[in-house]
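Trainee: Predicted structure and sequence below. I'll ask about it afterward.
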Amino acid sequence: MHPELQQRLRALGVVRGTGALATLSRAGPRVAIEELVPGRFYTTSHGRCFIAESHYPPGHRHGQVSLPACPHLCSALTALPTQHNTPVDSQNRACFLDIETTDLSGGSGTFAFVVGLGFFAPEQGEGFHLHQYFLRDPGDELAMLEALSEQLPRFQALVSFNGRAFDVPVLENRFILARIPPPTTALFHLDLLPVARRLWRYEMSSCALGALERRVLGVLREQDDVPSSLIPWLYRDYLRTGDARQMKRVLYHNAMDILSIVALVTRLHSVLTAPWGESEINVAELYGLGRWHESEGHLAEAERYYCTALGASSSPELRWRILHSLASLLKRTDRYDEARTYWEKLAAEKHTDIASCVELAKYFEWRAGDYMQAVEWTRKAMVRAETWAEGEARDEVLAELSHRLARLERKCAGRGTGR
(Lines give C-alpha, C1' and ligand atoms only; values in the text may rest on other atoms or scores of the structure.)
Protein backbone atom coordinates (compact mmCIF):
# COMPACT_ATOMS: atom_id res chain seq x y z
CA MET A 1 0.00 0.00 0.00
CA HIS A 2 1.25 3.51 -0.80
CA PRO A 3 2.67 5.12 2.39
CA GLU A 4 0.58 8.26 1.97
CA LEU A 5 -2.65 6.28 1.57
CA GLN A 6 -1.71 4.12 4.56
CA GLN A 7 -1.12 7.23 6.67
CA ARG A 8 -4.49 8.73 5.67
CA LEU A 9 -6.33 5.49 6.50
CA ARG A 10 -4.57 5.31 9.83
CA ALA A 11 -5.66 8.88 10.60
CA LEU A 12 -9.24 7.71 10.02
CA GLY A 13 -8.72 4.79 12.42
CA VAL A 14 -8.54 2.09 9.73
CA VAL A 15 -5.86 -0.41 10.79
CA ARG A 16 -5.16 -4.10 10.25
CA GLY A 17 -5.22 -6.33 13.33
CA THR A 18 -4.22 -5.26 16.81
CA GLY A 19 -0.54 -4.56 16.34
CA ALA A 20 -1.01 -0.95 15.26
CA LEU A 21 -3.51 0.02 17.95
CA ALA A 22 -1.08 1.33 20.56
CA THR A 23 -1.85 4.97 19.86
CA LEU A 24 -5.56 4.37 19.17
CA SER A 25 -6.62 2.24 22.12
CA ARG A 26 -8.10 3.67 25.22
CA ALA A 27 -5.90 4.22 28.22
CA GLY A 28 -5.02 1.08 30.13
CA PRO A 29 -2.65 -1.90 30.08
CA ARG A 30 -2.25 -4.01 26.93
CA VAL A 31 -1.86 -7.55 28.23
CA ALA A 32 -1.17 -10.25 25.61
CA ILE A 33 -2.97 -13.59 25.83
CA GLU A 34 0.30 -15.52 26.10
CA GLU A 35 1.02 -13.65 29.32
CA LEU A 36 -2.25 -14.83 30.87
CA VAL A 37 -2.62 -18.52 29.99
CA PRO A 38 -0.18 -21.36 29.38
CA GLY A 39 0.32 -22.15 25.73
CA ARG A 40 2.60 -22.01 22.73
CA PHE A 41 2.85 -20.61 19.22
CA TYR A 42 2.39 -23.00 16.31
CA THR A 43 4.18 -22.05 13.12
CA THR A 44 2.68 -22.74 9.67
CA SER A 45 3.41 -21.64 6.12
CA HIS A 46 0.98 -18.74 6.69
CA GLY A 47 2.57 -17.55 9.91
CA ARG A 48 1.87 -18.64 13.45
CA CYS A 49 -1.12 -19.00 15.72
CA PHE A 50 -1.41 -19.22 19.49
CA ILE A 51 -2.62 -22.40 21.20
CA ALA A 52 -3.63 -22.31 24.86
CA GLU A 53 -3.02 -25.70 26.47
CA SER A 54 -4.64 -27.28 29.52
CA HIS A 55 -4.50 -30.72 31.08
CA TYR A 56 -7.00 -32.40 33.40
CA PRO A 57 -5.84 -35.47 35.34
CA PRO A 58 -7.73 -38.78 35.34
CA GLY A 59 -10.81 -38.58 37.55
CA HIS A 60 -11.07 -34.78 37.31
CA ARG A 61 -14.47 -33.76 38.72
CA HIS A 62 -16.73 -31.66 36.56
CA GLY A 63 -19.83 -31.02 38.62
CA GLN A 64 -21.05 -34.41 39.83
CA VAL A 65 -19.26 -36.33 37.09
CA SER A 66 -15.68 -37.62 37.02
CA LEU A 67 -14.03 -37.47 33.62
CA PRO A 68 -13.48 -41.01 32.31
CA ALA A 69 -10.31 -42.64 31.11
CA CYS A 70 -9.93 -43.05 27.37
CA PRO A 71 -11.14 -46.70 27.11
CA HIS A 72 -14.24 -45.90 29.16
CA LEU A 73 -14.96 -42.91 26.97
CA CYS A 74 -14.75 -45.01 23.81
CA SER A 75 -17.17 -47.47 25.41
CA ALA A 76 -19.55 -44.60 26.19
CA LEU A 77 -19.45 -43.35 22.60
CA THR A 78 -20.12 -46.87 21.33
CA ALA A 79 -23.27 -47.08 23.47
CA LEU A 80 -24.81 -43.86 22.21
CA PRO A 81 -27.32 -44.08 19.34
CA THR A 82 -26.38 -41.68 16.55
CA GLN A 83 -28.15 -39.72 13.85
CA HIS A 84 -27.16 -42.30 11.22
CA ASN A 85 -27.34 -45.39 13.46
CA THR A 86 -23.62 -45.83 12.88
CA PRO A 87 -21.75 -46.98 15.98
CA VAL A 88 -18.58 -45.20 16.94
CA ASP A 89 -15.76 -47.72 16.72
CA SER A 90 -14.23 -48.18 20.15
CA GLN A 91 -10.81 -47.71 18.55
CA ASN A 92 -11.73 -44.31 17.15
CA ARG A 93 -10.05 -41.26 18.57
CA ALA A 94 -12.67 -38.74 19.52
CA CYS A 95 -12.20 -34.98 19.42
CA PHE A 96 -14.51 -32.82 21.51
CA LEU A 97 -15.18 -29.59 19.64
CA ASP A 98 -16.51 -26.18 20.66
CA ILE A 99 -15.89 -22.77 19.12
CA GLU A 100 -16.38 -19.11 20.00
CA THR A 101 -17.28 -16.79 17.15
CA THR A 102 -17.54 -13.13 16.20
CA ASP A 103 -21.28 -13.48 15.64
CA LEU A 104 -23.82 -15.89 17.09
CA SER A 105 -25.95 -15.87 13.92
CA GLY A 106 -23.39 -17.94 12.00
CA GLY A 107 -23.62 -15.88 8.79
CA SER A 108 -21.04 -15.85 6.01
CA GLY A 109 -19.06 -13.11 7.74
CA THR A 110 -18.81 -15.03 11.00
CA PHE A 111 -15.46 -16.55 11.90
CA ALA A 112 -14.20 -18.51 14.88
CA PHE A 113 -11.60 -16.78 17.02
CA VAL A 114 -11.43 -19.65 19.51
CA VAL A 115 -11.47 -23.29 18.39
CA GLY A 116 -11.33 -25.69 21.32
CA LEU A 117 -10.26 -29.29 20.73
CA GLY A 118 -10.40 -31.69 23.68
CA PHE A 119 -9.07 -35.23 23.48
CA PHE A 120 -7.55 -38.17 25.29
CA ALA A 121 -4.04 -38.99 24.07
CA PRO A 122 -2.25 -41.66 26.12
CA GLU A 123 0.98 -41.01 24.23
CA GLN A 124 0.88 -37.44 25.57
CA GLY A 125 0.09 -38.50 29.11
CA GLU A 126 -2.94 -39.72 31.02
CA GLY A 127 -5.97 -37.51 31.45
CA PHE A 128 -7.81 -35.08 29.23
CA HIS A 129 -5.97 -32.60 27.01
CA LEU A 130 -7.44 -29.33 25.82
CA HIS A 131 -5.98 -27.21 23.01
CA GLN A 132 -7.63 -23.85 22.31
CA TYR A 133 -6.61 -22.17 19.08
CA PHE A 134 -6.91 -18.42 19.62
CA LEU A 135 -6.79 -15.65 17.01
CA ARG A 136 -4.59 -12.95 18.51
CA ASP A 137 -5.17 -11.08 15.26
CA PRO A 138 -7.75 -11.78 12.51
CA GLY A 139 -4.83 -11.77 10.11
CA ASP A 140 -3.69 -15.02 11.75
CA GLU A 141 -6.78 -16.91 10.59
CA LEU A 142 -5.01 -18.64 7.68
CA ALA A 143 -2.34 -19.89 10.08
CA MET A 144 -5.01 -21.19 12.49
CA LEU A 145 -6.93 -22.93 9.69
CA GLU A 146 -3.75 -24.54 8.40
CA ALA A 147 -2.92 -25.73 11.92
CA LEU A 148 -6.41 -27.19 12.32
CA SER A 149 -6.16 -28.90 8.91
CA GLU A 150 -3.04 -30.63 10.18
CA GLN A 151 -4.43 -31.58 13.60
CA LEU A 152 -8.03 -32.66 12.92
CA PRO A 153 -7.15 -35.60 10.62
CA ARG A 154 -5.48 -37.20 13.66
CA PHE A 155 -9.00 -37.92 14.91
CA GLN A 156 -11.70 -40.16 13.54
CA ALA A 157 -14.74 -38.71 15.28
CA LEU A 158 -16.05 -35.32 16.36
CA VAL A 159 -18.27 -34.92 19.41
CA SER A 160 -20.06 -31.60 19.84
CA PHE A 161 -23.16 -29.98 21.28
CA ASN A 162 -25.22 -28.37 18.49
CA GLY A 163 -22.08 -28.57 16.37
CA ARG A 164 -23.91 -30.02 13.38
CA ALA A 165 -25.97 -26.86 13.05
CA PHE A 166 -23.42 -24.24 14.15
CA ASP A 167 -19.79 -25.06 14.97
CA VAL A 168 -18.94 -27.29 12.01
CA PRO A 169 -20.72 -25.19 9.34
CA VAL A 170 -18.90 -22.06 10.58
CA LEU A 171 -15.54 -23.81 10.41
CA GLU A 172 -16.19 -25.43 7.05
CA ASN A 173 -17.24 -22.08 5.59
CA ARG A 174 -13.94 -20.52 6.70
CA PHE A 175 -11.94 -23.43 5.27
CA ILE A 176 -13.73 -23.09 1.94
CA LEU A 177 -13.14 -19.33 1.81
CA ALA A 178 -9.46 -19.99 2.55
CA ARG A 179 -9.39 -22.63 -0.24
CA ILE A 180 -8.41 -25.33 2.21
CA PRO A 181 -10.31 -28.65 2.01
CA PRO A 182 -12.37 -28.84 5.23
CA PRO A 183 -10.87 -31.65 7.35
CA THR A 184 -14.18 -32.09 9.21
CA THR A 185 -15.94 -33.71 6.22
CA ALA A 186 -13.99 -36.95 6.69
CA LEU A 187 -14.81 -37.25 10.39
CA PHE A 188 -17.75 -39.06 11.93
CA HIS A 189 -19.77 -36.49 13.87
CA LEU A 190 -21.84 -37.14 17.00
CA ASP A 191 -23.95 -34.13 17.97
CA LEU A 192 -25.20 -34.56 21.53
CA LEU A 193 -28.03 -32.02 21.36
CA PRO A 194 -30.57 -34.35 19.63
CA VAL A 195 -29.52 -37.16 21.98
CA ALA A 196 -30.00 -34.95 25.05
CA ARG A 197 -33.40 -33.76 23.83
CA ARG A 198 -34.63 -37.33 23.44
CA LEU A 199 -33.74 -38.14 27.02
CA TRP A 200 -34.29 -34.97 29.06
CA ARG A 201 -36.92 -32.87 27.29
CA TYR A 202 -39.65 -34.37 29.46
CA GLU A 203 -38.27 -32.81 32.64
CA MET A 204 -36.64 -29.63 31.26
CA SER A 205 -38.14 -26.79 29.28
CA SER A 206 -34.72 -26.16 27.72
CA CYS A 207 -32.03 -28.66 26.75
CA ALA A 208 -29.38 -25.97 26.19
CA LEU A 209 -25.94 -26.95 27.44
CA GLY A 210 -26.13 -24.45 30.32
CA ALA A 211 -29.43 -25.93 31.52
CA LEU A 212 -28.06 -29.49 31.30
CA GLU A 213 -25.00 -28.40 33.28
CA ARG A 214 -27.13 -27.19 36.16
CA ARG A 215 -29.86 -29.84 36.18
CA VAL A 216 -28.06 -32.98 35.01
CA LEU A 217 -24.33 -32.51 35.64
CA GLY A 218 -24.46 -30.33 38.76
CA VAL A 219 -21.94 -27.85 37.35
CA LEU A 220 -21.66 -24.39 38.91
CA ARG A 221 -19.38 -22.12 36.91
CA GLU A 222 -17.02 -19.73 38.62
CA GLN A 223 -17.17 -15.95 38.38
CA ASP A 224 -14.51 -16.17 35.67
CA ASP A 225 -17.23 -17.27 33.26
CA VAL A 226 -18.85 -14.90 30.77
CA PRO A 227 -22.30 -15.17 29.09
CA SER A 228 -22.22 -16.48 25.52
CA SER A 229 -24.09 -13.44 24.25
CA LEU A 230 -21.27 -11.13 25.36
CA ILE A 231 -18.40 -13.09 23.84
CA PRO A 232 -18.50 -11.52 20.33
CA TRP A 233 -18.54 -8.04 21.89
CA LEU A 234 -15.64 -8.84 24.18
CA TYR A 235 -13.56 -9.99 21.21
CA ARG A 236 -14.32 -6.78 19.33
CA ASP A 237 -13.25 -4.86 22.40
CA TYR A 238 -10.05 -6.89 22.52
CA LEU A 239 -9.29 -6.05 18.89
CA ARG A 240 -9.79 -2.38 19.68
CA THR A 241 -7.70 -2.27 22.84
CA GLY A 242 -5.26 -5.14 22.57
CA ASP A 243 -6.01 -6.07 26.21
CA ALA A 244 -6.57 -9.84 26.42
CA ARG A 245 -7.67 -10.07 30.05
CA GLN A 246 -11.30 -10.60 29.10
CA MET A 247 -10.18 -13.22 26.57
CA LYS A 248 -8.94 -15.33 29.46
CA ARG A 249 -12.55 -15.48 30.65
CA VAL A 250 -13.67 -16.45 27.14
CA LEU A 251 -11.14 -19.29 27.10
CA TYR A 252 -12.48 -20.41 30.49
CA HIS A 253 -16.02 -20.41 29.06
CA ASN A 254 -14.91 -22.48 26.08
CA ALA A 255 -13.04 -24.93 28.31
CA MET A 256 -16.10 -25.41 30.53
CA ASP A 257 -18.28 -26.09 27.48
CA ILE A 258 -15.92 -28.81 26.29
CA LEU A 259 -15.63 -30.39 29.74
CA SER A 260 -19.43 -30.40 29.94
CA ILE A 261 -19.65 -32.23 26.61
CA VAL A 262 -17.29 -34.93 27.92
CA ALA A 263 -19.23 -35.16 31.19
CA LEU A 264 -22.51 -35.36 29.25
CA VAL A 265 -21.24 -38.34 27.26
CA THR A 266 -20.29 -39.98 30.55
CA ARG A 267 -23.71 -39.29 32.09
CA LEU A 268 -25.53 -40.52 28.97
CA HIS A 269 -23.54 -43.71 29.06
CA SER A 270 -24.32 -44.30 32.73
CA VAL A 271 -28.04 -43.78 32.10
CA LEU A 272 -28.18 -45.96 28.98
CA THR A 273 -26.25 -48.85 30.51
CA ALA A 274 -27.37 -48.67 34.14
CA PRO A 275 -28.86 -51.84 35.65
CA TRP A 276 -32.50 -51.89 36.63
CA GLY A 277 -33.19 -50.26 39.95
CA GLU A 278 -30.33 -47.78 39.61
CA SER A 279 -31.24 -45.09 42.12
CA GLU A 280 -29.43 -42.30 40.29
CA ILE A 281 -31.78 -42.51 37.31
CA ASN A 282 -34.82 -40.33 37.88
CA VAL A 283 -38.39 -40.83 36.66
CA ALA A 284 -38.08 -38.43 33.75
CA GLU A 285 -34.97 -40.24 32.52
CA LEU A 286 -36.77 -43.58 32.79
CA TYR A 287 -39.63 -42.20 30.74
CA GLY A 288 -37.22 -40.71 28.20
CA LEU A 289 -35.51 -44.09 27.87
CA GLY A 290 -38.90 -45.69 27.32
CA ARG A 291 -39.73 -43.24 24.54
CA TRP A 292 -36.27 -43.78 23.08
CA HIS A 293 -36.63 -47.58 23.00
CA GLU A 294 -40.14 -47.37 21.59
CA SER A 295 -38.97 -45.16 18.72
CA GLU A 296 -36.27 -47.75 17.97
CA GLY A 297 -38.85 -50.55 17.95
CA HIS A 298 -37.70 -52.14 21.23
CA LEU A 299 -41.21 -52.42 22.62
CA ALA A 300 -40.56 -54.84 25.46
CA GLU A 301 -37.79 -52.64 26.83
CA ALA A 302 -39.95 -49.55 26.38
CA GLU A 303 -42.81 -51.12 28.34
CA ARG A 304 -40.44 -52.06 31.14
CA TYR A 305 -39.14 -48.49 31.41
CA TYR A 306 -42.68 -47.06 31.35
CA CYS A 307 -43.86 -49.40 34.12
CA THR A 308 -40.82 -48.64 36.26
CA ALA A 309 -41.28 -44.89 35.75
CA LEU A 310 -45.00 -45.15 36.56
CA GLY A 311 -44.30 -46.84 39.87
CA ALA A 312 -41.90 -44.07 40.90
CA SER A 313 -43.69 -41.06 39.44
CA SER A 314 -44.66 -38.18 41.70
CA SER A 315 -45.34 -35.42 39.18
CA PRO A 316 -48.96 -35.51 37.92
CA GLU A 317 -47.99 -34.16 34.48
CA LEU A 318 -45.28 -36.77 34.00
CA ARG A 319 -47.53 -39.52 35.36
CA TRP A 320 -50.17 -38.61 32.74
CA ARG A 321 -47.56 -38.76 30.00
CA ILE A 322 -46.47 -42.20 31.18
CA LEU A 323 -50.05 -43.49 31.34
CA HIS A 324 -50.73 -42.25 27.82
CA SER A 325 -47.54 -43.75 26.39
CA LEU A 326 -48.06 -47.07 28.14
CA ALA A 327 -51.67 -47.36 26.94
CA SER A 328 -50.62 -46.44 23.38
CA LEU A 329 -47.87 -49.07 23.39
CA LEU A 330 -50.27 -51.76 24.61
CA LYS A 331 -52.77 -50.76 21.93
CA ARG A 332 -49.97 -50.94 19.36
CA THR A 333 -49.34 -54.55 20.39
CA ASP A 334 -53.07 -55.45 20.31
CA ARG A 335 -53.32 -55.76 24.10
CA TYR A 336 -56.50 -53.72 24.32
CA ASP A 337 -57.79 -55.12 27.60
CA GLU A 338 -54.56 -54.08 29.35
CA ALA A 339 -54.58 -50.70 27.63
CA ARG A 340 -58.12 -50.10 28.89
CA THR A 341 -56.85 -50.08 32.50
CA TYR A 342 -54.45 -47.22 31.80
CA TRP A 343 -56.97 -45.24 29.75
CA GLU A 344 -59.40 -45.44 32.68
CA LYS A 345 -56.70 -44.26 35.11
CA LEU A 346 -55.82 -41.37 32.82
CA ALA A 347 -59.45 -40.34 32.37
CA ALA A 348 -60.04 -40.48 36.13
CA GLU A 349 -56.89 -38.55 37.09
CA LYS A 350 -56.75 -35.94 34.33
CA HIS A 351 -60.17 -34.35 34.12
CA THR A 352 -59.32 -32.33 31.02
CA ASP A 353 -58.10 -35.29 28.96
CA ILE A 354 -60.25 -36.14 25.97
CA ALA A 355 -58.05 -38.66 24.17
CA SER A 356 -58.46 -41.31 26.88
CA CYS A 357 -62.25 -40.93 26.79
CA VAL A 358 -62.26 -41.36 23.01
CA GLU A 359 -60.03 -44.43 23.24
CA LEU A 360 -62.37 -45.95 25.80
CA ALA A 361 -65.36 -45.19 23.57
CA LYS A 362 -63.58 -46.98 20.71
CA TYR A 363 -62.70 -49.90 22.95
CA PHE A 364 -66.27 -50.46 24.16
CA GLU A 365 -67.70 -50.01 20.67
CA TRP A 366 -65.34 -52.18 18.65
CA ARG A 367 -63.75 -54.54 21.18
CA ALA A 368 -66.28 -55.09 23.98
CA GLY A 369 -69.44 -54.45 21.94
CA ASP A 370 -70.89 -52.46 24.86
CA TYR A 371 -72.52 -49.52 23.09
CA MET A 372 -73.97 -47.99 26.23
CA GLN A 373 -70.49 -47.68 27.74
CA ALA A 374 -69.21 -46.29 24.46
CA VAL A 375 -72.00 -43.67 24.55
CA GLU A 376 -71.11 -42.76 28.13
CA TRP A 377 -67.44 -42.21 27.33
CA THR A 378 -68.27 -40.22 24.22
CA ARG A 379 -70.52 -37.91 26.23
CA LYS A 380 -67.76 -37.44 28.83
CA ALA A 381 -65.40 -36.45 26.04
CA MET A 382 -67.93 -33.92 24.73
CA VAL A 383 -68.37 -32.38 28.19
CA ARG A 384 -64.62 -31.91 28.44
CA ALA A 385 -64.32 -30.52 24.91
CA GLU A 386 -67.02 -27.94 25.66
CA THR A 387 -64.72 -26.39 28.28
CA TRP A 388 -62.19 -25.47 25.57
CA ALA A 389 -61.94 -21.94 24.36
CA GLU A 390 -64.10 -21.25 21.35
CA GLY A 391 -62.32 -21.79 18.09
CA GLU A 392 -61.79 -24.06 15.11
CA ALA A 393 -60.13 -26.86 17.12
CA ARG A 394 -63.03 -27.01 19.59
CA ASP A 395 -65.60 -27.03 16.78
CA GLU A 396 -63.84 -29.85 14.91
CA VAL A 397 -63.55 -32.04 18.00
CA LEU A 398 -67.18 -31.50 18.99
CA ALA A 399 -68.34 -32.22 15.44
CA GLU A 400 -66.41 -35.48 15.38
CA LEU A 401 -67.71 -36.50 18.79
CA SER A 402 -71.30 -35.61 17.82
CA HIS A 403 -70.98 -37.80 14.75
CA ARG A 404 -69.66 -40.67 16.90
CA LEU A 405 -72.43 -40.20 19.47
CA ALA A 406 -75.14 -40.24 16.80
CA ARG A 407 -73.79 -43.49 15.34
CA LEU A 408 -73.61 -45.11 18.77
CA GLU A 409 -77.13 -44.04 19.68
CA ARG A 410 -78.42 -45.62 16.47
CA LYS A 411 -76.63 -48.84 17.38
CA CYS A 412 -78.14 -48.72 20.86
CA ALA A 413 -81.62 -48.19 19.43
CA GLY A 414 -81.17 -51.12 17.07
CA ARG A 415 -80.08 -53.42 19.89
CA GLY A 416 -82.44 -52.22 22.58
CA THR A 417 -80.40 -51.82 25.74
CA GLY A 418 -77.06 -52.36 24.05
CA ARG A 419 -74.99 -55.38 24.89
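Mentor: Happy to help now that I have it. Residues are numbered from 1 along each chain as shown.

Trainee: Could you list which residues are in contact with the residue nearest to the spatial centre of the chain?
Mentor: Geometric centre of the chain, nearest residue: Leu193, 2.0 Å, by C-alpha atoms, centre = their mean. Listed by C-beta atoms under 8 Å, 6 or more residues apart in numbering, the contact set of Leu193 reads 161-162, 164-165, 207. Backbone N, C-alpha and C define where each C-beta goes, glycine included.

Trainee: Most neighbours among those residues, please name it.
Mentor: The most crowded member of the contacts of Leu193, judged by other C-beta atoms under 10 Å, is Phe161 (24 neighbours).

Trainee: centre of the chain versus the strand or helix carrying the residue nearest to the centre of the chain, how much separation?
Mentor: For Leu193, the host element (DSSP states H and E) is helix 192-200. Remark: helix 192-200 is offset 5 Å from the chain centroid, using C-alpha atoms, centre = their mean, to the nearest Å.

Trainee: For Leu199, see how far away the residue nearest to the centre of the chain is.
Mentor: Remark: distance between Leu193 and Leu199 (C-beta to C-beta, to the nearest Å) = 11 Å.

Trainee: Quick check: what element follows the helix holding Leu193 along the chain?
Mentor: Past helix 192-200, the next helix or strand by DSSP H and E is helix 209-212.

Trainee: who touches that next one?
Mentor: 161-162, 196, 200, 204, 257, 260-261, 264.

Trainee: and if we set it to 7 Å?
Mentor: 161, 196, 200, 204, 257, 260, 264 (C-beta atoms under 7 Å, 6 or more residues apart in numbering).

Trainee: which helix in this structure runs the most residues?
Mentor: helix 245-273 (DSSP state H).

Trainee: residues of it that come out buried?
Mentor: 245-272 (16 or more other C-beta atoms under 10 Å).

Trainee: can you check stretch 157-170 too?
Mentor: Neighbour-count burial for stretch 157-170 [16+ other C-beta under 10 Å]: 157-164, 166-168, 170.

Trainee: and the residues you listed as a markdown table, adding pLDDT, secondary structure and distance to Asn282?
Mentor: Output for the buried residues of stretch 157-170, formatted as a markdown table (pLDDT from 0 to 100; DSSP: H, G, I helix; E, B strand; the rest coil; distance: C-beta to C-beta, whole Å):
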| residue | pLDDT | secondary structure | distance to Asn282 |
| --- | --- | --- | --- |
| Ala157 | 89 | strand | 29 |
| Leu158 | 93 | strand | 30 |
| Val159 | 93 | strand | 24 |
| Ser160 | 96 | strand | 26 |
| Phe161 | 97 | coil | 21 |
| Asn162 | 96 | coil | 24 |
| Gly163 | 96 | helix | 27 |
| Arg164 | 94 | helix | 28 |
| Phe166 | 95 | helix | 29 |
| Asp167 | 96 | helix | 30 |
| Val168 | 97 | helix | 32 |
| Val170 | 96 | helix | 35 |
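
Trainee: Throw these into a markdown table and include distance to Glu100, thanks.
Mentor: Output for the buried residues of stretch 157-170, formatted as a markdown table (distance: C-beta to C-beta, whole Å):
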| residue | distance to Glu100 |
| --- | --- |
| Ala157 | 22 |
| Leu158 | 17 |
| Val159 | 18 |
| Ser160 | 13 |
| Phe161 | 13 |
| Asn162 | 13 |
| Gly163 | 13 |
| Arg164 | 18 |
| Phe166 | 11 |
| Asp167 | 10 |
| Val168 | 14 |
| Val170 | 10 |
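
Trainee: Can you name the two of the residues you listed that sit furthest apart?
Mentor: Ala157 and Val170 (19.2 Å; C-beta to C-beta).

Trainee: Please work out the average pLDDT along stretch 235-255.
Mentor: Here stretch 235-255 scores 96 as its mean pLDDT.

Trainee: ok, now stretch 263-280?
Mentor: pLDDT averaged over stretch 263-280 gives 77.

Trainee: And the pLDDT at the residue nearest to Pro232 when sequence neighbours are not counted?
Mentor: In this structure, Pro232 finds its nearest non-sequential neighbour in Thr102, 5.2 Å apart by C-beta to C-beta, 6 or more residues apart in numbering. The score at Thr102 is 95. That number is its pLDDT.

Trainee: how near is Thr102 to Ala406?
Mentor: Plainly put, Thr102 is 64 Å away from Ala406 if you go by C-beta to C-beta.

Trainee: cool, Glu359 as well?
Mentor: When distance is defined by C-beta to C-beta, Glu359 is 19 Å away from Ala406.

Trainee: Compare these two (neighbour count), which wins?
Mentor: The neighbour comparison of Glu359 against Ala406 (other C-beta under 10 Å) goes to Glu359, with 25 against 11.

Trainee: quick one, what contacts the more buried one?
Mentor: Per C-beta under 7 Å, 6+ apart, neighbours of Glu359: Trp343.

Trainee: next one: Leu346
Mentor: 320, 323-324, 327, 353, 356.

Trainee: can you check Arg384 too?
Mentor: 352, 354, 357.

Trainee: which SS class is Val226?
Mentor: Val226 falls in the coil class when you classify it by DSSP: H, G, I helix; E, B strand; the rest coil.

Trainee: And it, what's its pLDDT?
Mentor: For Val226, pLDDT reads 95.
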